[in-house]
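Peer 1: I would like the atomic coordinates for the input below:
(chains A, B, C and D)
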There are 2 protein chains.
Amino acid sequence: MRSSKRAAKLAIVKPAETGPAVDLDDLNNRLGYFVRRVQVWVFQDFIRRLSGVDLSPAQFSVLVVIGANAGLSQSALAATLGIERARLVRLLHGLEQRALTQRLADADDGRRHALHLTRDGRKLLARAKALAAEHEAALKQKLGPERYRMMFEAARDF
Amino acid sequence: MRSSKRAAKLAIVKPAETGPAVDLDDLNNRLGYFVRRVQVWVFQDFIRRLSGVDLSPAQFSVLVVIGANAGLSQSALAATLGIERARLVRLLHGLEQRALTQRLADADDGRRHALHLTRDGRKLLARAKALAAEHEAALKQKLGPERYRMMFEAARDF
DNA sequence: CGGATTTGTTGTCCACGTCAACAATATGCC
DNA sequence: GGCATATTGTTGACGTGGACAACAAATCCG
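Peer 2: Numbering: from 1, shown residues only, chains lettered A, B, ... in the order given. Okay, here's the model as predicted:
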């Protein structure tokens, strides 16, 4: 039984190691299942590529929208990004501690905070955008150009 | 100003209430941003529609794969779904407490557990699959048939 | 003016990903 | 056979993020 050991080793070693193809059954008909898998890959790649600027996807999106809409309120920003106001408060707290954003008093409405980027915030955002573009290129390569284009067209403006 | 109240109501009521169009800037070029939005909608709708059977997307996927691959191991299941073994242990704990799944001894390997659905598990899974199909139809309507088809084709087998 | 609403905030709870450690079992090699 | 190594399932701990409730300050509106 042990005699042909070396030959056996040459034969298979580790053929695929991904198992003998498990049946996904109904999951094959669930778009959300595959969307989630894409989303997981996207987040992992994004976080890895932006580790240099230490920004999560959520933090990046906050900086981008503030950068393009200086002075907007937290409620408007939260609604835009589809996150809870309570969640945004904590995100801004972290960004403000790093001196990337600031909350100024709104002239028209005493309840509102007018959100702005600091000089450091703008500089970091520029670097982050470049890294995000690299991530986007990686995603395009991962999906293939045709699939990438299709998916973008289908998901845009959702 | 209040005199033509009724007419005004007919006019706009709540035009959009989504604000004056905030600029997403770079996010418009991030496929991951839109994928995440789709994913959030999917999970919310899925959870709501399956609240009757009290199954999360993760629990549903576990039941589906066990149902189609009776006897597989926890490691194989975790690898298939792309979740941690540690996480799967807790998921199975909850499902087993509800008598939906069971871990039997694997004849070939004393370390492995052979996963199976119980009779209750099969019955609940059948109901869950029907609800999941309704969710899928809702998603198709939300996206529109063409976009749905495109997205499915692009995301499949990821 | 006074009730209702909006805005930002805090606290709490729970689901989930991640990682380290561990015991039991199996495998590979001498 | 015996021993190092790997796999499998499990537990504990930590951090993140979403969901809710409650609240004070400010605003709006009749």
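
Peer 1: Could you measure from A:Leu131 over to A:Gly52?
Peer 2: For A:Leu131, the distance to A:Gly52 equals 7 Å [CB to CB, to the nearest Å]. Using the backbone N, CA and C atoms, a C-beta is placed for each residue, glycine as well.

Peer 1: Of these two, which one has the most company?
Peer 2: Neighbours of A:Leu131 and A:Gly52, each counted by other CB atoms under 10 Å in any protein chain shown, are more numerous for A:Leu131; the result is 18 against 10.

Peer 1: Correct me if wrong: that one contacts A:Ile47.
Peer 2: No - with contact defined as CB atoms under 8 Å, A:Leu131 does not reach A:Ile47; the gap is 10.8 Å.

Peer 1: so who does A:Glu136 touch?
Peer 2: Contact partners of A:Glu136, counting by CB atoms under 8 Å, 6 or more residues apart in numbering or on different chains, are B:Asn29, B:Arg30, B:Leu31, B:Gly32.

Peer 1: Buried ones from these, can you make that a ChimeraX selection?
Peer 2: In ChimeraX, this line selects whichever of these come out buried by 16 or more other CB atoms under 10 Å in any protein chain shown:
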select /B:30,31,32
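
Peer 1: Kindly reformat the contacts of A:Glu136 as TSV containing pLDDT and secondary structure.
Peer 2: TSV is the format used below for those (pLDDT from 0 to 100; DSSP: H, G, I helix; E, B strand; the rest coil):
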residue	pLDDT	secondary structure
B:Asn29	95	helix
B:Arg30	96	coil
B:Leu31	96	helix
B:Gly32	95	helix
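
Peer 1: Please dump the contacts of A:Glu136 into a markdown table; it should also carry distance to A:Arg147 for every row.
Peer 2: A markdown table is the format used below for the contacts of A:Glu136 (distance: CB to CB, whole Å):
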| residue | distance to A:Arg147 |
| --- | --- |
| B:Asn29 | 17 |
| B:Arg30 | 16 |
| B:Leu31 | 11 |
| B:Gly32 | 14 |
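
Peer 1: Which one of the contacts of A:Glu136 is nearest to DNA strand D?
Peer 2: Comparing the contacts of A:Glu136 against DNA strand D with CB to the nearest atom of the strand places B:Gly32 closest, at 12.9 Å.
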